[in-house]
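1. Here's my sequence, what's the structure:
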Amino acid sequence: MSTNKKHTISVLVDNQFGVLARVSAMFSARGYNIISLCVGETDNPSISRMTVTVRGDDNVLAQIIQQLNKLVDVISVEDLTSTSFVERELVLIKVGAGCRRRSEVLQVAEIFRARVVDLDAETMTVEATGSGEKVRACIEMMRPFGIRELVRTGVIAIGRAAASGANAQESE
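-> Prediction:
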């Protein structure tokens, strides 16, 4: 396996003060680089889901999972990479868009099924969601308008229910 393989790990944890710090400290102490980390409550307010994206080979992944499982606040750890799953990211892109360029920005946004979420005399803020590839492509297409500000979430992911043997992740 390539050492550059991206792994998406879903970690259910107790929604307690300091859990995020303990998990990130574990990664730091062992020299594992986190590509992306998103955390939020689940439908149960006492449990949070962390979606962690890392790069490494099978040995690195096994070590990460083993170390995560040793943490007291960790309920379960799942490597979604070897299963069928859906992943999404969100990006907000503020671009220069005076009156003359607004229609162009709207055309690009439409291609990516993005939407304008804010507007003033000189800028437009566009929201796009999708796979990492789609988000990257949208950002690149917005560059010619002059990106004034950009904020991007990390990956969130969820396993597919009753996957029909497909092991590829969904992208838009």
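2. quick one, domains of the chain?
-> Structural domains of the chain, as assigned by automatic domain parsing, span the residue ranges 6-83, 86-157.
3. who are the neighbours in contact with the spatially most central residue of the chain?
-> Nearest to the geometric centre of the chain sits Val155, at 1.1 Å (Cα atoms, centre = their mean). Listed by Cβ atoms under 8 Å, 6 or more residues apart in numbering, the contact set of Val155 reads 8, 36, 38, 51, 53, 87-89, 132. Where you see a C-beta, it was placed from the backbone N, CA and C, and this is true even at glycine.
4. Try it again at 6 Å.
-> Listed by Cβ atoms under 6 Å, 6 or more residues apart in numbering, the contact set of Val155 reads 36, 51, 53, 87, 89.
5. ditto for Asn4
-> So Asn4 contacts Arg55 (Cβ under 6 Å, 6+ apart).
6. Verify the contact between Glu89 and Glu133 for me.
-> No. Glu89 lies out of contact with Glu133 (Cβ atoms under 6 Å); the separation is 9.6 Å.
7. now the residue of the chain most remote from its centre: how far from Val117?
-> Taking Cα atoms, centre = their mean as the measure, the residue most remote from the mean C-alpha position of the chain is Arg100, 33.4 Å away. According to Cβ to Cβ, to the nearest Å, Arg100 and Val117 sit 21 Å apart.
8. Helices of this protein, start to end?
-> Using DSSP state H, the helices of the chain run over 19-29, 58-70, 102-111, 132-142.
9. I'd like to know how far Met124 sits from Val95.
-> In terms of Cβ to Cβ, Met124 sits 6 Å off from Val95.
10. same thing with Arg101?
-> Taken as Cβ to Cβ, the span from Arg101 to Val95 is 8 Å.
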